[in-house]
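In: Need a 3D model of the sequence below.
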Amino acid sequence: MGGVNEELTAWVGRGLAASVRSFVIGLVFFVCGIALLVLSIVSISFIPLFGLGILLTPLVVVGVRALAGERRKLAGQWSGVEIPTPYRSRPPMEPFGLVGAWQRCRWMLGDPATWRDLLWLLSSPLTLALGILPAGLVGYGVEGILVMPAVLQFVDGYHYGPGWLIDIPFEGFVAIPQGVLILALGLAVAPALLRLHDVLTKQLLGPTRQAMLDQRVRVLTRTRAETVDAQAAELRRIERDLHDGAQARLVSLGMSLGLAEDLVTRDPVAAQKLLAEARDASDRALSELRDLVRGIHPPVLAERGLDGAVRALALTLPIPVEVDIELGGRPQAPVESAGYFAVAEALANVVKHSHATRAWVLVRHDGRSLGMTVSDNGVGGADPAGGTGLRGMERRLAAFDGTVAVSSPPGGPTVVTVELPCELSSPKTLPSSGTG
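Out: The predicted structure follows:
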């Protein structure tokens, strides 16, 4: 019985919340929408008439976009209908003056999304109707249940709905079951109407298919350029490390061996000392080459996959790192490498900046994307805009449509979450989890 009551209470709560939200959307966005629509028409008409529209139109369009942005946000929060922002990127333009105002005006009015926003404002009466309908049904039902019997005690007659004059108590109490039915209908349809409203809104405020394709092309162009720049920088780093490190040691090794060859018959003791130095130089050169190879693609990553590589990395850190990895297979090699270096960069930041005494790594695959979370108990305050590590991570992962989210309030904890769309192959028999 308790479970039924809980389900009924939850159902009523969802219906009431949806009806209130619909009413707020209908009333607020109708009033604001009509006002902005009038201002938009006036400001645009002033462009050829007085020229004032060049200054006014961008300001009004900013207001329209702010209202549309709030509507998109509410659609996602209240109905789960995600509406991406469709506007074109701002081109370079003058910051001040009439030239800058004209450039802003031309950019905004040249964006098809601006005109779709205005069309959405034009549909404000529909917004009002869809918003008031569920709230009206709920209010009408509540009136029949609660208000009507009380009103009949004080007045001779009461108009309940269109054309129904109730002037005797019996008719008032007959309205109670009708009110129950209408209230139930309002609570039942309110969530569906709210979602329908949000879906219809998405058709106007969301990007068109062509806009999505154009945006995708721009993103791919940007990420390709960033990837090329990152690869060029990586090649320069490898060249510098080889030139300053292993190459210099190998040159020194060759010179030492040449001198030892000359001294081997005349001064065997000195020759032996040079050979010992040469052996040390060769060991250091080999170690530097191994470090360089690990920086390009760690052998343990190729041999043991992301699971083994992250665990091996955790063992090398000066603080305890708890590693929990559960994967049904292996991502493709480029994605696996990108994921490994993202975890490595996040852990490096933990050691360098967080003053943490403990860190955690969680890796999961949900069937569509690889999710990796690195957290610590440090002091917090990490800012992607304040350093090159997290920004570099974002640029590298953008080439794979990956995302990086950082939560690091002052005082901690810091949580870095990485999402990489990918599929897995070579499923394993058993998942693994534990401590590194």
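In: And the next helix or strand past the longest helix along the chain?
Out: Assignment by DSSP state H gives helix 2-49 as the longest helix of the chain. Downstream of helix 2-49, the first helix or strand assigned by DSSP states H and E is helix 53-79.
In: what's the angle between that next one and helix 2-49?
Out: If you take axes from the mean of the first three to the mean of the last three C-alpha atoms, to 10 degrees, helix 53-79 sits at 170 degrees to helix 2-49.
In: List the buried residues in helix 53-79.
Out: 53-58, 60-61, 64-65, 67-68, 71-72, 74-75, 78-79 (16 or more other C-beta atoms under 10 Å). Every residue, glycine included, has its C-beta placed from N, CA and C.
In: going on from that helix, what's the next piece of helix or strand?
Out: helix 97-109.
In: okay, now P48: neighbour count?
Out: 8 (other C-beta atoms under 10 Å).
In: V406 too?
Out: V406 is flanked by 17 other residues according to other C-beta under 10 Å.
In: is it fair to say it lies in a strand?
Out: Yes - under DSSP: H, G, I helix; E, B strand; the rest coil, V406 sits within a strand.
In: Kindly export the helix or strand containing V416 (C-alpha atoms) in PDB.
Out: In the assignment (DSSP H and E), V416 maps to strand 414-421. Once non-C-alpha atoms are left out, strand 414-421 reads as follows in PDB (Å, rounded to 0.1, in the frame of the first residue of the first chain):
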ATOM      1  CA  THR A 414      39.600  18.500  -8.000                       C
ATOM      2  CA  VAL A 415      37.800  16.300 -10.500                       C
ATOM      3  CA  VAL A 416      38.800  16.000 -14.100                       C
ATOM      4  CA  THR A 417      36.400  14.100 -16.300                       C
ATOM      5  CA  VAL A 418      37.300  13.000 -19.800                       C
ATOM      6  CA  GLU A 419      34.800  11.600 -22.400                       C
ATOM      7  CA  LEU A 420      36.100  10.000 -25.600                       C
ATOM      8  CA  PRO A 421      33.500   8.600 -28.100                       C
END
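In: Mind listing residues that contact it?
Out: Residues outside strand 414-421 that contact it (C-beta atoms under 8 Å, 6 or more residues apart in numbering): 331, 335, 338-339, 342-343, 346, 349-350, 354, 356, 368-376, 378, 380-382, 390, 393, 397, 400-408.
In: And those residues, which of them are buried?
Out: Those of those that meet the buried threshold are 331, 335, 338-339, 342-343, 346, 349-350, 354, 356, 369-370, 372-376, 378, 380, 382, 390, 393, 397, 400, 402, 404, 406, 408, by 16+ other C-beta under 10 Å.
In: Look up the closest residue to T403, ignoring the ones flanking it.
Out: Excluding the flanking residues, the one nearest T403 by C-beta to C-beta, 6 or more residues apart in numbering is E419, at 4.9 Å.
In: Same check on T414?
Out: Closest to T414 by C-beta to C-beta, 6+ apart is S408, at 4.0 Å.
In: I'd like to know how far the one you found sits from G33.
Out: 38 Å (C-beta to C-beta, to the nearest Å).
In: same deal with G80?
Out: Distance from G80 to G33, by C-beta to C-beta: 23 Å.
In: Show me where this structure has its strands.
Out: Assigned by DSSP state E, the strands in the chain fall at 158-159, 165-166, 321-326, 359-365, 369-376, 403-407, 414-421.
In: Put together TSV for those strands, with distance to P86 on each row.
Out: TSV is the format used below for the strands of the chain (distance: least, C-beta to C-beta, whole Å):
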stretch	distance to P86
strand 158-159	47
strand 165-166	51
strand 321-326	38
strand 359-365	31
strand 369-376	24
strand 403-407	19
strand 414-421	22
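In: re the thing from before, among G80 and G33, which residue is more densely surrounded?
Out: Using other C-beta under 10 Å, the more surrounded residue of G80 and G33 is G33, with 24 against 9.
In: got the contact list for the more buried one?
Out: L67, W120, L121, S124, T127.
In: When you compare pLDDT across these, which one is lowest?
Out: Scanning the contacts of G33 for pLDDT, the low point is T127. It has 84.
In: Tell me, how many residues neighbour it?
Out: Per other C-beta under 10 Å, the neighbour tally for T127 reads 24.
In: again, but for V99
Out: Applying other C-beta under 10 Å, we find 11 residues neighbouring V99.
In: Quick check, pLDDT for it.
Out: Note on V99: pLDDT of 81.
In: next one: I34
Out: Confidence at I34, expressed as pLDDT, is 92.
In: didn't it look like it was pressed against L122?
Out: No - I34 lies out of contact with L122 (C-beta atoms under 8 Å); the separation is 9.5 Å.
In: Show me the contact partners of stretch 188-206.
Out: Stretch 188-206 is contacted from outside by 14-16, 18-19, 21-22, 25, 68, 71-72, 75, 78-81, 83-84, 86, 116-117, 119-120, 123, 126-127, 130-131, 133-135, 137-138, using C-beta under 8 Å, 6+ apart.
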